[in-house]
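1. sequence plus the predicted model coming up.
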Amino acid sequence: MPEKSLIHPVDSCMETQDKLLDVRNLTVRYGKTTIVNNISFDLQAGQWLMLAGPNGAGKSTIVNAVSQGTPYTGRVYFEGSDAARRKPSDLARSMGVLTQDHNVSYSFTVEEVVKLGRYAYSPGIFSSTDDEDEKSIHSALELTGMLPIRQQSVLTLSGGELQRTFLAQVFAQNPRLLILDEPTNHLDLVYQKQIFGLIKDWVRDSGRAVISVVHDLSLAKAYGTHALLIDHGNMVSSGKIDEVLTRANLEKIYSMDVYQWMENLLAQWQN
């Protein structure tokens, strides 16, 4: 569970009711080392926030704290209430997390893995699925293109198929907020396009939003609506994507002209 906040609680829904997520003064320390330093941002429905910055900037730590997976100080308000005070099962119904690695060693079928996304709605571990569960599972399989191979063992899947299976699991969970920690980091270009395209379609539905940890700035620019640029745990810039990923901001933290580098790469493909 998160550490007791050093900030005076201000649990007023008046300030958070129009925001799906409102993160205030988020700080994460491991011993005497500060990994994330006093980060604040918010997210509204329909937005896709890209967390960008160099290796070790604290991007994954931020999403781990938001999803209540690591201790922090500060406040994380989700759906108008303090996330740290909500039951994990309740939080899991509205917040879904997709990571980049899935070490599967069991011969579950694709459909069985996707069904696990409905666990938060189940009254018990041995409960059977109801009509609403089946509808959500079928919709998730169909949306991710996994319906034709729903009975196939996950041990036989390619990397892209496996990631789409776990994306379907999160879709079946039917969250309002989807948190992605470099979901396409090890995937081929075609699978990167598939995954990000699926998520773009998903977030269009009313009341949904996405947070993504990204290294590929081209993907961030192509799909993000907003961005949070961080370096060594400190916020450099936050806001609309084009206002954050500017030439000056990127050069400041990467110590190179990122725009010129991207233009040079693109020039190699032009006739």
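-> Yes, it's here.
2. okay, which residue is most central for the protein?
-> Computing the C-alpha centroid of the chain and ranking residues by Cα atoms, centre = their mean puts I179 first, at 1.8 Å.
3. partner residues bridging that residue?
-> Beta-bridge partners recorded for I179 (DSSP bridges): V97, I211.
4. check it and give its pLDDT.
-> Looking at I179, its pLDDT is 95.
5. touching, it and I62? I think so.
-> No. Counting by Cβ atoms under 8 Å, I179 stays clear of I62, with 9.8 Å between them. Bear in mind the C-beta positions are built from the backbone N, C-alpha and C, glycine included.
6. sec struct for N55, please.
-> With DSSP: H, G, I helix; E, B strand; the rest coil as the basis, N55 sits in coil.
7. if we ignore the residues flanking it in sequence, what's nearest it?
-> Nearest residue to N55, sequence neighbours excluded (Cβ to Cβ, 6 or more residues apart in numbering): H215, at 7.9 Å.
8. in contact with that neighbour, which residues?
-> Counting by Cβ atoms under 8 Å, 6 or more residues apart in numbering, H215 touches 52, 55, 182, 185.
9. those residues in strands, which ones?
-> Residues of the contacts of H215 located in strands (DSSP state E): A52.
10. buried subset of the contacts of H215?
-> Listed as buried from these are 52, 182; burial here means 16 or more other Cβ atoms under 10 Å.
11. now the contacts of H215 in a markdown table, with distance to L155 and pLDDT?
-> Output for these, formatted as a markdown table (distance: Cβ to Cβ, whole Å; pLDDT from 0 to 100):
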| residue | distance to L155 | pLDDT |
| --- | --- | --- |
| A52 | 34 | 96 |
| N55 | 31 | 91 |
| E182 | 23 | 84 |
| N185 | 21 | 73 |
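12. looking at the contacts of H215, spot the one nearest P175.
-> E182 (18.5 Å; Cβ to Cβ).
13. the closest one touches Q100, doesn't it?
-> Yes. Taking contacts as Cβ under 8 Å, E182 lies within contact range of Q100: 4.5 Å.
14. shared neighbours of these two, anything?
-> With Cβ under 8 Å, 6+ apart as the test, E182 and Q100 reach no residue in common.
15. and the pLDDT at G56?
-> Note for G56: predicted pLDDT of 90.
16. now do the contacts for the nearest residue to it once chain neighbours are set aside.
-> Closest residue in space to G56, ignoring its immediate chain neighbours: H232 at 7.4 Å, by Cβ to Cβ, 6+ apart. Going by Cβ under 8 Å, 6+ apart, H232 touches 56-58.
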